[in-house]
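>>> dropping the sequence and predicted coords here.
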Amino acid sequence: MKVLIVPNYSRPDAVDDTRKLATWLERRGLEPQVLPDTHHRPCEKVDLEDVRLVVSLGGDGTLLRAARVIGYSEIPVVGISYGHLGFLTSAQPEELLTTVDNALERRMHVSHRATLDIEATFQKPDGSTVTMHRFALNDFSLAHGAHGDMIEFHVSVSGNYIDTLRGDGFVVSTATGSTGYALAAGGPIVTPEFTGLVCVPVAPHTIMARAFLTSRDDVVTLAMSKERPVDRCVFADGQPLGEGMQLVRADCRRGPGDILLLDNSAQSFYDSVSRVFYGKAGQ
């Protein structure tokens, strides 16, 4: 059995604990597999066969990276917080070995986190088009380009036209992503048990546009207006898509598999909300 370790290589303490964890796993007869540092070399495709657990050593960004690696495979993930926020992580570095032991022995609560399946069509500089599929745990976001021009786009849900918006962009998030970019743009905090999509306009040029929620089977479509062909950027969990091309259309739906996030209890989400957003801990 393998354990995939995903460290934040910019944190020396996380790198040191990666070695510590790898040694501990080997002594238990398990095979540690450490994700390489993509800042120094490309990240090759990871063989997930026989991987029993994924351990993220970093902040929420590191856990999102781990989620991108495993995609819809539903391999359990546990996060150890070495970052500033730690909303998705479940333990501190001093609890590393105890937490991993609990995860391996299935003594932790499993939080099923809905994912996104993103289908985006782009136009190349030569006029041809290409369609890409991407995974996301948090969100898909549309934003204006480097020149800051207001963008115009049509919003539909499962073929039902909602509105044509002008503004800085739009966020389609999962419940997990509701506490990220979607929240910063004015969206609600949504419990992880919610399996639909959270849709939030970013700085819309109208006071009528508001955030809304969809059902779990809905497909949210953003189609770019031909009346305003300005530069725009798109991201999946903060990672750029279609660089050097122009987005034509994006369809966002619930992914075919969840991220199985291990935490301490069913109340861990609300404990994190209290700690991160209201500054309360241990009450």
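Perfect, thanks for sending it.

>>> what residues of stretch 193-206 count as buried?
194-202, 204 (16 or more other CB atoms under 10 Å). From N, CA and C alone the C-beta is placed, and that goes for glycine too.

>>> which stretches of the stretch 1-150 of the chain form strands?
2-7, 31-34, 51-58, 77-81, 109-113, 116-123, 129-136, 139-144 (DSSP state E, counting those that start in this stretch).

>>> kindly reformat the ones you listed as JSON lines containing mean neighbour count and distance to residue 176.
Shown next, in JSON lines, are those (neighbours: other CB atoms under 10 Å; distance: least, CB to CB, whole Å):
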{"stretch": "strand 2-7", "mean neighbour count": "24", "distance to residue 176": "17"}
{"stretch": "strand 31-34", "mean neighbour count": "17", "distance to residue 176": "25"}
{"stretch": "strand 51-58", "mean neighbour count": "24", "distance to residue 176": "14"}
{"stretch": "strand 77-81", "mean neighbour count": "26", "distance to residue 176": "12"}
{"stretch": "strand 109-113", "mean neighbour count": "17", "distance to residue 176": "5"}
{"stretch": "strand 116-123", "mean neighbour count": "20", "distance to residue 176": "10"}
{"stretch": "strand 129-136", "mean neighbour count": "16", "distance to residue 176": "10"}
{"stretch": "strand 139-144", "mean neighbour count": "23", "distance to residue 176": "9"}
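
>>> can you put the ones you listed in TSV and add mean pLDDT and distance to residue 226?
Output for those, formatted as TSV (pLDDT from 0 to 100; distance: least, CB to CB, whole Å):
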stretch	mean pLDDT	distance to residue 226
strand 2-7	98	42
strand 31-34	96	48
strand 51-58	97	42
strand 77-81	97	41
strand 109-113	96	36
strand 116-123	98	11
strand 129-136	97	14
strand 139-144	96	16
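
>>> so for residue 22, which of these sits nearest?
Ranking these by proximity to residue 22 (CB to CB) places strand 31-34 first, at 3.9 Å.

>>> can you list contacts of the closest one?
1-5, 7, 18, 21-22, 25-26, 46, 50-51 (CB atoms under 8 Å, 6 or more residues apart in numbering).

>>> how does it look with 10 Å?
1-7, 15, 18-19, 21-26, 46-48, 50-52, 54-55, 57 (CB atoms under 10 Å, 6 or more residues apart in numbering).

>>> do stretch 268-283 as well
Here stretch 268-283 has contacts from 85-90, 108-109, 111, 113, 175-176, 179, 183, 189-193, 261-265, 267, using CB under 10 Å, 6+ apart.

>>> gap between that stretch and the chain center?
For stretch 268-283, the gap between its own C-alpha mean and the chain's C-alpha mean amounts to 21 Å (CA atoms, centre = their mean, to the nearest Å).

>>> do the same with stretch 151-168
Computed by CA atoms, centre = their mean, the chain-centroid distance of stretch 151-168 equals 23 Å.

>>> output that stretch as PDB, restricted to C-alpha atoms.
Extracted in PDB, the C-alpha atoms of stretch 151-168 (Å, rounded to 0.1, in the frame of the first residue of the first chain):
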ATOM      1  CA  ILE A 151     -16.400  42.000 -19.900                       C
ATOM      2  CA  GLU A 152     -19.900  41.000 -21.100                       C
ATOM      3  CA  PHE A 153     -21.300  37.400 -20.900                       C
ATOM      4  CA  HIS A 154     -24.500  35.400 -20.900                       C
ATOM      5  CA  VAL A 155     -25.400  33.200 -17.900                       C
ATOM      6  CA  SER A 156     -27.600  30.100 -18.300                       C
ATOM      7  CA  VAL A 157     -28.500  27.200 -16.000                       C
ATOM      8  CA  SER A 158     -29.300  23.900 -17.600                       C
ATOM      9  CA  GLY A 159     -30.300  25.700 -20.800                       C
ATOM     10  CA  ASN A 160     -32.400  28.300 -19.000                       C
ATOM     11  CA  TYR A 161     -31.200  31.800 -19.800                       C
ATOM     12  CA  ILE A 162     -30.600  33.900 -16.600                       C
ATOM     13  CA  ASP A 163     -29.100  37.200 -17.600                       C
ATOM     14  CA  THR A 164     -26.500  39.000 -19.700                       C
ATOM     15  CA  LEU A 165     -24.000  40.600 -17.300                       C
ATOM     16  CA  ARG A 166     -21.300  43.200 -17.600                       C
ATOM     17  CA  GLY A 167     -18.700  43.500 -14.900                       C
ATOM     18  CA  ASP A 168     -15.300  42.100 -13.700                       C
END
